[in-house]
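Q: Provided below are the primary sequence and the corresponding predicted coordinates.
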Amino acid sequence: MAYKLIKNGTLIDGNGGQPLVDAAVLLNGNKIEAVGKVSEVQVPSGDVEVVDAQGGFILPGFIDTHVHMLFEVGKVEESLTTPFSYKFYKATQFMKRTVDAGVTTVRDAGFTDLGVKKAVEDKLVVGPRMQISITPLTTTGGHGDQWMVSGVDITSPSYPGVPDGICDGVEQVRQRAREVLRAGADIIKVHATGGVLSPTDHPEFTQFSQEELEVIVQEAKFRRGVKVMAHAQGAEGIKNAIRAGIHSIEHGIFIDDEAIELMLEHGTYLVPTLLAPVAVLEAAERDGSMPEYGVQKCREVIEFHKESIAKAYRAGVKIAMGTDAGVMAHGTNLRELGLMCDIGMTPMESLVATTKVAAECMGWEDKIGTVEAGKLADIVISQTDPLSDIRSLENTDNIVAVIQDGELVKNALNKVAVVQN
């Protein structure tokens, strides 16, 4: 059956305009064919599957532009005693929880390989549509190098399809960039600064020279449009990344005024991941699963983070939603929207950040991000009004239906019927 008709709901289409009451969305296979008032959408003759939104809210599939689908941070001893292949089976749960939360597309910021992406595309498992970065590039002793001062190294091992990401100097950086592209990376991820959860650096430490970053951007461009995303928390590393031509800044904890001006000048995207430090502190209090060095750094930077993102938002920097899911539980992604509103965004702006702007950040604005004719049929139905209560989306029970690529992959509605027109 090719056609689905979604009706009896209010449409928030992702463009940021006035919601459309009594809306209808007609799907033909995996594409949106028509959108409008139910009285205006012409339904073809023949069998049509009718999805009754039951007075709920119809939205585009949500997009998270910074996730790690293949892990969830837990206690170190558990990771050391878990068989290597177990993580792939766990990931099937992470991916299902992500889709059940209404997140139908993600940009993976490290450690998910081409085989996982292909398994989703071939519908072997339920999971979000993906762009993958394979392996983040990092310097020796930088964020991503998990060598401990004891001499124990718990850095994620390389294996076929996931090359080693540690590199130093222009030529080694060039080789590593080529290796991740060879492995199937859709985007290159680089650690331009230190981080919160790395053992031997600090978020303000600068990694890679601007020349090294420029080489990575150059190698990406050779692949006709591949972009580079940068984990960048300290001000100097952020500015190095922007000047090098990097497409998006992830985290942005210590953004300063000069960095903001550079982002506006270059059109650089900011992916705040406000949820990440919140989740680190929550996990530390809940079960002690975060290392103490990470908890201390998190407490140090969390207020700077909020202030920096608020300042960038007020200045007009392009903000795309991203969470760092994997640092927190997958499926809790939409907590980020409430945190974005806490720094000054309106509920509508936060929704646009996780739909239209996120799609633009990924270069997929012609495919996803808004409910418009010709785009892929990724649709979410919420039983609550996110404009009056954005945090209602945090409860995945309120996401009552998820349509991905035209298929109903989550259905908690009690009315889905086939009718003859």
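A: Looks like it arrived, so ask away. Residues are numbered from 1 along each chain as shown.
Q: what does stretch 407-414 rub up against?
A: Defining contact as Cβ atoms under 8 Å, 6 or more residues apart in numbering, one finds that stretch 407-414 is touched by 4, 30, 51-54, 99-100, 126, 381, 397, 399-403, 416. (Each C-beta comes from the backbone N, C-alpha and C, glycine too.)
Q: quick one: mean pLDDT for it?
A: Mean per-residue pLDDT for stretch 407-414: 91.
Q: same thing with stretch 73-85?
A: 83.
Q: can you mark which positions in it are buried?
A: Val73 (16 or more other Cβ atoms under 10 Å).
Q: ditto for stretch 326-343
A: Neighbour-count burial for stretch 326-343, counted by 16+ other Cβ under 10 Å, picks out 326-328, 330-341, 343.
Q: now stretch 214-224
A: Within stretch 214-224, the residues scored as buried using 16+ other Cβ under 10 Å are 214-217, 219-220.
Q: between the residues you listed, which is nearest Pro291?
A: Checking those against Pro291 with Cβ to Cβ, the nearest one is Ile216 at 28.4 Å.
Q: can you tell me the closest non-neighbouring residue to that closest one?
A: In space, and not counting its chain neighbours, Ile216 is closest to Ala177: 5.0 Å by Cβ to Cβ, 6 or more residues apart in numbering.
Q: next one: Met130
A: Per Cβ to Cβ, 6+ apart, closest to Met130 is Lys117, 4.7 Å.
Q: what's the separation between the one you found and Ile216?
A: 21 Å (Cβ to Cβ, to the nearest Å).
Q: next: Val402.
A: 35 Å.
Q: low-confidence ranges, the chain, go.
A: 1, 414-421 (pLDDT under 70).
Q: still on that earlier bit, let me know the closest of the buried residues of stretch 326-343 to Ile368.
A: The closest of these, once distances to Ile368 are taken by Cβ to Cβ, is Asn333, at 15.7 Å.
Q: which residues touch the closest one?
A: Asn333 makes contacts with 62, 64, 67, 98, 101, 103, 275, 323, 325, as judged by Cβ under 8 Å, 6+ apart.
Q: if we can go back for a sec, could you check how many residues crowd around the residue nearest to Met130?
A: Using other Cβ atoms under 10 Å, Lys117 has 21 other residues around it.
Q: for Glu265, same thing?
A: 10.
Q: surely it is in a helix?
A: Yes. Under DSSP: H, G, I helix; E, B strand; the rest coil, Glu265 falls within a helix.
Q: and it, what is it in contact with?
A: Glu265 sits next to no residue when contact means Cβ under 8 Å, 6+ apart.
Q: what about the contacts of Asn333, which are in helices?
A: Judged by DSSP state H, helices contain the following of those: 98, 275.
Q: what ranges do the strands span in the stretch 101-250 of the chain?
A: Chain-ordered strands for the stretch 101-250 of the chain, with DSSP state E, counting those that start in this stretch as the definition, fall at 103-108, 129-132, 187-191, 227-232, 248-251.
Q: Ala24 and Val41 touch, don't they?
A: Yes. The pair Ala24 / Val41 is scored as a contact, 4.2 Å apart, by Cβ atoms under 8 Å.
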